[in-house]
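# structure here, sequence nowhere to be found:
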């Protein structure tokens, strides 16, 4: 895996991976940014949500379930001291599915967070406490 991140005289900063996908990063105006893109820590939080969701979708499909819509909201707390790492993150998953049970959703979320999600593993390795809740929504 390879990426290049470039600062060209002003924010935002652009990152590009080996596939050519671009990600923009910025900081608030208070930190010499323009506040036009997510901060690096915000992208880590979003990446955690996306990583876990991809796992959950895959797990549910292997169970032969049909995930229609999956949303996750993440609430994080950070250390007051530098480096200001995440100290806790709580995820709230909301799934719309015609054939998935609450227990199956909970199992998929647990497997993602505890076994498969590499972002979760990295966050746990830094001492971040991770909790979650699931809610199944029917039409």
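Ah, there it is. Computed from a prediction, not measured in an experiment: that's the story for all the values here.
# list the buried residues in the helix or strand hosting residue 103.
Assigned by DSSP states H and E, residue 103 falls within helix 102-111. Neighbour-count burial for helix 102-111 flags 104-105, 107-109, 111 (criterion: 16 or more other CB atoms under 10 Å). From N, CA and C alone the C-beta is placed, and that goes for glycine too.
# and the residues you listed, which is closest to residue 132?
When those are compared for distance to residue 132 (CB to CB), residue 109 wins out at 5.6 Å.
# residues contacting the closest one?
Going by CB atoms under 8 Å, 6 or more residues apart in numbering, residue 109 touches 52, 56, 91, 93, 132, 134.
# the same query, at a cut-off of 6 Å, please.
Applying CB atoms under 6 Å, 6 or more residues apart in numbering, one finds that residue 109 lies in contact with 93, 132, 134.
# go on, residue 29?
Residue 29 is in contact with residue 35, counting by CB under 6 Å, 6+ apart.
# could you list the low-confidence segments of this protein?
Along the chain, the parts satisfying pLDDT under 70 run over 139.
# how is it carved up into domains?
If you go by automatic domain parsing, the domain ranges for the chain are 1-37, 40-137.
# buried deepest among these, which one?
Mean neighbour count (mean count of other CB atoms under 10 Å) peaks for domain 40-137 among the domains of the chain, with a mean of 16.
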